[in-house]
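[1] When you get a sec, could you give me coordinates for this:
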Amino acid sequence: MSFLKPKNQIKILSANSHPDLAQKISDSLQVPISNINAIQFSNQESAILVGETVRDEDVYIIQTGCGGHEKLNDYLMELLLMVHACKSASARKITAVIPNFPYARQDRKDKSRVAISAKLIANLLVTSGCNHVITMDLHASQIQGFFNIPVDNLYAEPQVLRYVKEKLPSKDLMFVSPDAGGAKRVASLADKMDVQFALIHKERAKANEVSKMVLVGDVANQTCVLIDDMADTCGTLCKASDLLLAEGAKRVIAIVTHGIFSGNAVQKLNQSSLERIVCTNSMPLSGIAEMCPKLEIIDISGTLAEAIRRLHNGESISYLFSNVVV
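    Numbers count the residues shown, from 1 in each chain. As a prediction, the model looks like this:
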């Protein structure tokens, strides 16, 4: 008779930011979501109670950065408390699955006396007891260097390519980057589809407000696909669409990874010249989809679930960089 326990199992914990995504990941892995109680007191303090043992288990906490929502900082604190609770409960390894990394746009000191907030978030996660981070399409890849623990930055590119191949004609297709920062991403997609790409240079008067846009490239009689990592206020996408149509484009479609849609973004999209906007379900979008008929959603739960499975089994994650999980 052996007194040794079987190999440690996966524990999936769902925080409150995106329970639908956590459930889809749970269904893909055929692992039930563990019992956890995450509440907020009347004085706005958060409290976490893990309702089952996680001793010597691999724990995966699903919590996305819901930017554009008033609870962003509450969800971040909730994640840190959940990590700390699991650490205190002797979990063997704790992995934070954060599809949309919060504060990712504050990744450098571009003005005097500003905080590099993404670095602070990295420090907080490590200090709370996190051993590994899984995220998707980081706004700046160098954020991985802010951590002294492993970070797997997954890409939505395989799902985007599959969507484009299935839904859009290739004969008059053209990818467009709405800013210089996304040029590398768009060039990679254009090379894989063997189509042309264009670039829009934008100047900002202040944060989240574009003052001037200049198109580099010929988009006449083309189906233009705007590619970006996130859509926040959607001012850039709407202005870019108007510019492309004014330059002779036949139609404009936007594809983004993280649909933040803060403020009156949905109203802007409904009134814009965009034919449709496609984004992944890295953010909770069920309510927004009802208000915005132009919105289409790509499911990335399979990619995240496969990343968890591969990480748990000690397999390579890089397969997911160029392949779609069915």
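
[2] the bottom helix or strand of this protein by mean pLDDT?
    In the chain, no helix or strand scores lower on mean pLDDT, DSSP states H and E than strand 209-216, which sits at a mean of 76.

[3] quick one: L269 and L295, what's the gap?
    To L295, L269 is 7 Å away according to C-beta to C-beta, to the nearest Å. For glycine as for every other residue, the C-beta is placed from the backbone atoms N, C-alpha and C.

[4] what residues do the two have in common as contacts?
    Listed as contacting both L269 and L295 by C-beta atoms under 8 Å, 6 or more residues apart in numbering are I277.

[5] Mind checking the pLDDT average for stretch 17-34?
    Across stretch 17-34, the average pLDDT comes to 94.

[6] Using the record's assignment, carve the chain into domains.
    10-155+301-321, 157-298 (automatic domain parsing).

[7] Turn the ones you listed into JSON lines, including mean neighbour count.
    Shown next, in JSON lines, are the domains of the chain (neighbours: other C-beta atoms under 10 Å):
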{"stretch": "domain 10-155+301-321", "mean neighbour count": "18"}
{"stretch": "domain 157-298", "mean neighbour count": "18"}
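
[8] pLDDT (mean, whole number) over the longest helix along the chain?
    As assigned by DSSP state H, the longest helix anywhere in the chain is helix 72-88. Summarised as a single mean, pLDDT over helix 72-88 is 94.

[9] Contact partners for S28?
    S301, G302, A305, E306.

[10] cutoff 6 Å now
    By C-beta atoms under 6 Å, 6 or more residues apart in numbering, S28 lies in contact with S301, G302, A305.

[11] can you put those residues in JSON lines and add pLDDT, distance to E315 and secondary structure?
    Below are the contacts of S28 laid out as JSON lines (pLDDT from 0 to 100; distance: C-beta to C-beta, whole Å; DSSP: H, G, I helix; E, B strand; the rest coil):
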{"residue": "S301", "pLDDT": "95", "distance to E315": "19", "secondary structure": "helix"}
{"residue": "G302", "pLDDT": "94", "distance to E315": "16", "secondary structure": "helix"}
{"residue": "A305", "pLDDT": "96", "distance to E315": "13", "secondary structure": "helix"}
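
[12] Out of those residues, which comes closest to N73?
    Closest approach to N73 among the contacts of S28 (C-beta to C-beta): S301, at 25.2 Å.

[13] picking that back up, just checking: what are the partner strands of the helix or strand following the least confident helix or strand of the chain?
    Once strand 209-216 ends, the next helix or strand along the chain (criterion: DSSP states H and E) is strand 223-231. Paired strands of strand 223-231, with direction, are strand 173-177 (parallel), strand 251-259 (parallel) (DSSP bridges).

[14] residues in contact with strand 223-231?
    Contacts of strand 223-231 (C-beta under 6 Å, 6+ apart): 137, 139, 172-176, 178, 182, 186, 237, 240, 244, 249-260.

[15] what's the distance between the nearest residue to V219 once chain neighbours are set aside and S241?
    With sequence-adjacent residues excluded and distances taken as C-beta to C-beta, 6 or more residues apart in numbering, V219 is closest to A249, at 4.5 Å. The spacing between A249 and S241, counted by C-beta to C-beta, is 8 Å.
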